[in-house]
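S.K.: need coordinates for the following:
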Amino acid sequence: MNKKKLFNPGLTEREKMQFESLVKANMKRAYFVALGFLGSEDDAAEISQEAFIRAYRNFKKFDKTKNFFTWYYKILKNLCLNFIRDTKTKKNGFLEVEELNTTVDDPAEYIEKKELHEKLEKALIELDFEDREIIVLKEFQQMSYKEIAEMLKIPVGTVMSKLFYARKKLAKKLKGII
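M.R.: Residues are numbered from 1 along each chain as shown. Prediction:
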C-alpha cells in the first residue's frame, strides 16, 4: 500500500481544519470512552488516537450533516473490541474519581473510598462488553438516552431496557461487597 495515500486522503485545507477542530472538541470524550472500555490509560490513549487516524483517512465518507462523535464512536468501539479480543487482558484502574485525588482528612475514609472504587472497577470490568458499554456511556459520559440510541442505532426503549439489566448485573456483582 502506498504510505502517502494512507495519510493523505486528499482533504482540502478547509476539511483538514474542520477535522482538526472536531478532534480538539472530542479528544477528551474519546479518551474517556476508550478508558471505560479498556481499563488502561495507556491503551485508551493509543486506541483513541488510532481511531482519530482512521477517522481522518475516511473523513471524506463522513456525512457533515450528522454528529461527528456518533460516526467516530463506531470506529473507536470497533478498535476497542479488537484490542480486547486480541490482548485478552483485563486491567483495572479506569474510574476517574476526583475525590480520591484530593486530600482527605481521615486516612481511614480515604482507604475505604479507594477500596470501594477498586471493587466497583473490578465489577465493571467483569461485565460483558455490551453491559459495560451502556453503563459507561450513560453513567460516566453522561449521555442522554437519545444520544446513546443514535450512537448504538437502537431505539430509546431498548437503551433503557439494556441499561436496566446492565445495572442489575452490576448490582448483583457488587452484592455483599458494598
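
S.K.: and stretch 39-46, which residues are buried?
M.R.: Gly39, Ser40, Asp43, Ala44, Ala45 (16 or more other Cβ atoms under 10 Å). Any C-beta I mention is one placed from the backbone N, CA and C, and that applies to glycine too.

S.K.: walk me through the domains of the protein.
M.R.: When the chain is parsed with automatic domain parsing, its domains come out as 9-91, 100-178.

S.K.: least reliable of the ones you listed going by mean pLDDT?
M.R.: For the domains of the chain, the weakest mean pLDDT is recorded on domain 100-178, namely a mean of 83.

S.K.: restricting to C-alpha, output stretch 128-143 in PDB.
M.R.: Extracted C-alpha coordinates of stretch 128-143, given in PDB (Å, rounded to 0.1, in the frame of the first residue of the first chain):
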ATOM      1  CA  ASP A 128     -19.900  -8.200  29.200                       C
ATOM      2  CA  PHE A 129     -18.700  -5.500  26.900                       C
ATOM      3  CA  GLU A 130     -22.300  -4.600  25.900                       C
ATOM      4  CA  ASP A 131     -23.300  -4.100  29.500                       C
ATOM      5  CA  ARG A 132     -20.200  -2.200  30.300                       C
ATOM      6  CA  GLU A 133     -20.600  -0.100  27.200                       C
ATOM      7  CA  ILE A 134     -24.100   1.100  28.100                       C
ATOM      8  CA  ILE A 135     -23.200   1.900  31.700                       C
ATOM      9  CA  VAL A 136     -20.000   3.800  30.600                       C
ATOM     10  CA  LEU A 137     -22.000   5.800  28.000                       C
ATOM     11  CA  LYS A 138     -24.800   6.700  30.500                       C
ATOM     12  CA  GLU A 139     -23.100   7.000  33.800                       C
ATOM     13  CA  PHE A 140     -19.600   8.100  33.000                       C
ATOM     14  CA  GLN A 141     -20.100  10.000  29.800                       C
ATOM     15  CA  GLN A 142     -23.500  11.400  31.000                       C
ATOM     16  CA  MET A 143     -25.000  10.800  27.600                       C
END
